[in-house]
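>>> I would like to see how this sequence folds:
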Amino acid sequence: MKIALCADLHIGRIVSDPGWKAVVDYVCDNGCDVLLIAGDAVDSEELWYQAYGPFTDGLRRLKNSGVRVIAVAGNHDSKIFTRLAEQDPGYLTMLGTNGRWESTDLDDTVRILGWSFASRYCNESPFANWNPSLCEFDGPVIGLLHCDAPSPAGSRYAPVRADELNSSPVSFWVMGHIHRPGFVGDKALYCGTPYPLDRSETGPRGLWLIQADGSGISAPVQVPLAETEYAPLEINLSLCTSTQEANEAITKAVRGQGQELLGLRDNLNTAAFNITLMGEIAPAVDMDSVLRDLTSLEIHPEEGRSIKVCSVSDMTEVALPLEQLSLRKDPVGILATLILNPSPALIGRVSKAESELLRQFAFPSDGTFPDQAFRRAGIRLLRQMLSQEADRG
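The predicted structure is shown next:
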């Protein structure tokens, strides 16, 4: 049995809702038997009119293709999802209405159990009214849940602890609410959004597939569907000595990383980057000029495909004139001299101190060599000293 998994469609938030259409197209065209939706299919109660047509059109096509749809409601669609199901009861099976655990069986082979939000917020764990008898089934049991896991105390979105998921007799949990796809422990999966809802939702987006029969469930496999993928990109401008060199370095990095990303899959049409510019730049680099039109950069490596910049964060700093500062006969000059010419003994002491900190506090090493760490810390201190000097007039 081929089962497709998705969550957090948020139909109505984006005009035309490409995510829902892509999910329906894939499920219908690739022989899926079941589609599980782990909540927040609709973005909000206020979007009834925007959501009703696209959602029911998709459900109708799924039914005509012989696909069974099973869903739970999330915090965004706790009321509207149930109403949509009641409008067309033959299109989907809703589980867990009014915050009660419920189950349904697929050909006596797999059991699906689920819990739905009864209102916008839920301060207690769905496991507070857990019904373990629902897992008494001769075959794999899949849990369908919209929740906040693993959640700190105080969450208003059905907080669930990791041990509640892991200790349950459920074979595998399919979850919604967290938009970044990923696993929680060994047997719980956040599906993530099938299409990015904004530029912060980076990485491949799509649905997931599992195979299930009476003996068990296969490992889930992600099927990327989104034609646009957002990704972070750090660009170091430390070697640039002019504005032109900075512009060329940025364009080269964007083009190279974009072509690499587009090459990963054929159905990806746009690579869009959230850029962070790093490094110590030469005083001759005019960053105002560099930043002015950077978000308008668009590269077309081939027809129908593009590479774009969607946001820019400037973390560069103007390089300090260390040689000039080292001539001063004060603490600033002494520190500048040490940064330029650190003695082996000094670097040895830095290395020893770093090792002791890592050992005592169990910090992971960032891979920086001791001389690099000393230079970075020294320049940071030097900037603070110069700033205080400027404040004193």
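>>> contacts and neighbour counts: CA atoms only from here.
Noted.
>>> domains of the protein?
Listed by automatic domain parsing, the domain ranges of the chain are 2-224, 228-318, 322-391.
>>> Which of the ones you listed has the highest mean neighbour count?
Compared across the domains of the chain, domain 2-224 shows the largest average neighbour count, a mean of 19 (mean count of other CA atoms under 10 Å).
>>> Quick one: end-to-end length of it, please.
Length of domain 2-224, first residue to last, CA to CA, to the nearest Å: 17 Å.
>>> got it, and stretch 216-227?
For stretch 216-227, the first-to-last residue distance is 33 Å (CA to CA).
>>> what ranges do the helices span in the stretch 151-300 of the chain?
162-167, 243-262, 287-292 (DSSP state H, counting those that start in this stretch).
>>> Show me what the last one is packed against.
Using 3 or more CA pairs under 8 Å, 6 or more residues apart in numbering; DSSP states H and E as the contact test, the elements touching helix 287-292 are helix 243-262.
>>> Excluding its own residues, what touches the helix it packs on? List them.
If you take CA atoms under 8 Å, 6 or more residues apart in numbering as the criterion, helix 243-262 is touched by 233, 235, 237, 240, 268-273, 284-287, 289-290, 299, 301, 307-309.
>>> Which residues does stretch 85-92 contact?
Counting by CA under 8 Å, 6+ apart, L59, R60, K63, R68, V69, I70, A71, T93, M94 sit against stretch 85-92.
>>> one more time with 10 Å, if that's ok
The contact list for stretch 85-92, computed with CA atoms under 10 Å, 6 or more residues apart in numbering, reads 35-36, 52, 56, 58-64, 67-71, 80-84, 93-94.
>>> Dump the helices of the stretch 151-300 of the chain into TSV; add distance to L346 and mean pLDDT as well.
Formatted as TSV, these follow (distance: least, CA to CA, whole Å; pLDDT from 0 to 100):
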stretch	distance to L346	mean pLDDT
helix 162-167	46	92
helix 243-262	34	97
helix 287-292	35	92
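>>> and E86, what are its phi and psi?
Reported as degrees, to the nearest 10, the phi and psi values for E86 are phi -70, psi -30.
>>> C-alpha coordinates for the helix-or-strand element of the chain with minimal mean pLDDT, PDB please?
Every helix and strand in the chain was compared by mean pLDDT, DSSP states H and E; the lowest is helix 80-87, with a mean of 74. Extracted C-alpha coordinates of helix 80-87, given in PDB (Å, rounded to 0.1, in the frame of the first residue of the first chain):
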ATOM      1  CA  ILE A  80     -13.100  25.100   9.200                       C
ATOM      2  CA  PHE A  81     -11.500  21.700   8.400                       C
ATOM      3  CA  THR A  82     -14.400  19.900  10.100                       C
ATOM      4  CA  ARG A  83     -16.900  22.100   8.300                       C
ATOM      5  CA  LEU A  84     -15.300  21.300   5.000                       C
ATOM      6  CA  ALA A  85     -15.400  17.600   5.800                       C
ATOM      7  CA  GLU A  86     -19.100  17.800   6.700                       C
ATOM      8  CA  GLN A  87     -19.900  19.700   3.500                       C
END
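>>> could you point out which element follows it?
Sequence order places strand 93-94 as the next helix or strand after helix 80-87, per DSSP states H and E.
>>> and the helix or strand just after that following strand, what other elements does it pack with?
As assigned by DSSP H and E, the chain's next helix or strand after strand 93-94 is strand 102-106. In terms of contacts (3 or more CA pairs under 10 Å, 6 or more residues apart in numbering; DSSP states H and E), strand 102-106 is packed against strand 93-94, strand 110-115, strand 141-146.
>>> pLDDT averaged over strand 102-106, what's the number?
For strand 102-106, the mean pLDDT works out to 95.
>>> Ok, stretch 381-393 next?
What stretch 381-393 shows for mean pLDDT is 85.
>>> could you pull out the helices for the stretch 1-150 of the chain?
According to DSSP H, counting those that start in this stretch, the stretch 1-150 of the chain carries its helices in the segments 18-29, 48-64, 80-87.
>>> The shortest one to helix 48-64, inter-axis angle?
Right, helix 80-87. Counting by axes from the mean of the first three to the mean of the last three CA atoms, to 10 degrees, helix 80-87 lies at 50 degrees to helix 48-64.
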